[in-house]
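Enquirer: Model the structure of this input:
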Amino acid sequence: MADTKVYVPVMTAFDKDGILLPLELTWEGGSTYLIDRVIHIRPAAEMKAGGQGDRYTISVNGQQGYLFFQRNASIRQ
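Expert: Numbering: from 1, shown residues only. Model prediction:
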């Protein structure tokens, strides 16, 4: 099975130090998930599907996962 990049809407906010933090994501099909906690943020290449940006280690419903913010993504219409 090929790894594919999935773009999902993410509600974000900037904290008082100007750091972009994800708050909520909407998965394919419209299910919305609150992000319980941002565990770690680091610059990273997205290894499976390509891209450069920041990798957020997050907790959603007690399950740890990753969310990638891709810098300089092409504008899609």
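
Enquirer: Glu28: what's it in contact with?
Expert: 6, 8 (CB atoms under 8 Å, 6 or more residues apart in numbering). Using the backbone N, CA and C atoms, a C-beta is placed for each residue, glycine as well.

Enquirer: That one: what secondary structure?
Expert: Following DSSP: H, G, I helix; E, B strand; the rest coil, the label given to Glu28 is coil.

Enquirer: any idea how far it lies from Pro9?
Expert: 10 Å (CB to CB, to the nearest Å).

Enquirer: which SS state does the residue most central in space within the chain fall under?
Expert: The centroid of the chain falls nearest to Leu67 when counting by CA atoms, centre = their mean (2.8 Å). Per three-state DSSP, the secondary structure class of Leu67 is strand.

Enquirer: Which residue is the nearest non-sequential neighbour of it?
Expert: Tyr56 (4.4 Å; CB to CB, 6 or more residues apart in numbering).

Enquirer: quick one: contacts of the host helix or strand of the one you found?
Expert: According to DSSP states H and E, Tyr56 maps onto strand 52-60. The contact list for strand 52-60 (CB under 8 Å, 6+ apart) reads 20, 22, 25, 33-46, 64-72.
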